[in-house]
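Asker: Give me coordinates for this.
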Amino acid sequence: QVQLVESGGGLVQAGGSLRLSCAASGRTFSRHTMGWFRQAPGNEREFVAAVSWSGGTTYVAGSVKGRFTISKNNAKNTVYLQMNSLKPEDTAVYYCAAGFGATTAIYQYDSWGQGTQVTVSS
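Answerer: Numbers count the residues shown, from 1 in each chain. Predicted coordinates for the structure are as follows:
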């Protein structure tokens, strides 16, 4: 398994930006797809973005496409989610996840961080 710790959440006004980071430990980090999911109160956890182990392939949910960018740095064992043009509906707890060979489905991920709160005020 991969151990994951998120950081970078907070309160931001609509239209603002935040960058989430996810620090990973575990020897196989560089071979895992890394993803970001989010869960708002009363809603199911949903896919946001993912990046393949090589960094060459990314997946982004339609609701955030053009505003959010995912990237990873294998040398630093860290994955990032740059969030721009934030909207109140982006408010949620954001979770980092890892899965060997995963793409966009939640069941493909077997390691999860504790989550970080992102709140966007209108």
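Asker: Report the separation between Val93 and Leu18.
Answerer: Noted for Val93: a distance of 13 Å to Leu18, by C-beta to C-beta, to the nearest Å. The way it works is simple: take the backbone N, C-alpha and C, and place the C-beta from them, glycine included.
Asker: between these two, what contacts are shared?
Answerer: Listed as contacting both Val93 and Leu18 by C-beta atoms under 8 Å, 6 or more residues apart in numbering are Val118.
Asker: who's more crowded, the two?
Answerer: Neighbour totals were compared for Val93 and Leu18, and Leu18 leads with 21 against 18 (other C-beta atoms under 10 Å).
Asker: what's that one in contact with, if anything?
Answerer: 8-10, 12, 83, 86, 118.
Asker: Could you tell me which residues make contact with the most centrally placed residue in the chain?
Answerer: Geometric centre of the chain, nearest residue: Trp36, 2.3 Å, by C-alpha atoms, centre = their mean. Residues counted as contacts of Trp36 (C-beta under 8 Å, 6+ apart) are 20, 22, 48-50, 70, 79, 81, 94-97.
Asker: Low-confidence bits of the chain, can you list those?
Answerer: 27-30 (pLDDT under 70).
Asker: Show me the two of the contacts of Leu18 that sit farthest apart.
Answerer: Gly8 and Leu86 (12.6 Å; C-beta to C-beta).
Asker: Give me the more crowded residue out of the two.
Answerer: Each of Gly8 and Leu86 has its neighbours counted (other C-beta under 10 Å); Leu86 has more, 22 against 16.
Asker: quick one: buried residues of stretch 54-74?
Answerer: Buried residues in stretch 54-74, counted by 16 or more other C-beta atoms under 10 Å: 59-61, 64, 68-70, 72.
Asker: These in strands, which ones?
Answerer: Residues of the buried residues of stretch 54-74 located in strands (DSSP state E): 59-60, 68-70, 72.
Asker: want to throw those residues into JSON lines with distance to Gln1?
Answerer: Shown next, in JSON lines, are those (distance: C-beta to C-beta, whole Å):
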{"residue": "Tyr59", "distance to Gln1": "22"}
{"residue": "Val60", "distance to Gln1": "25"}
{"residue": "Phe68", "distance to Gln1": "26"}
{"residue": "Thr69", "distance to Gln1": "27"}
{"residue": "Ile70", "distance to Gln1": "21"}
{"residue": "Lys72", "distance to Gln1": "18"}
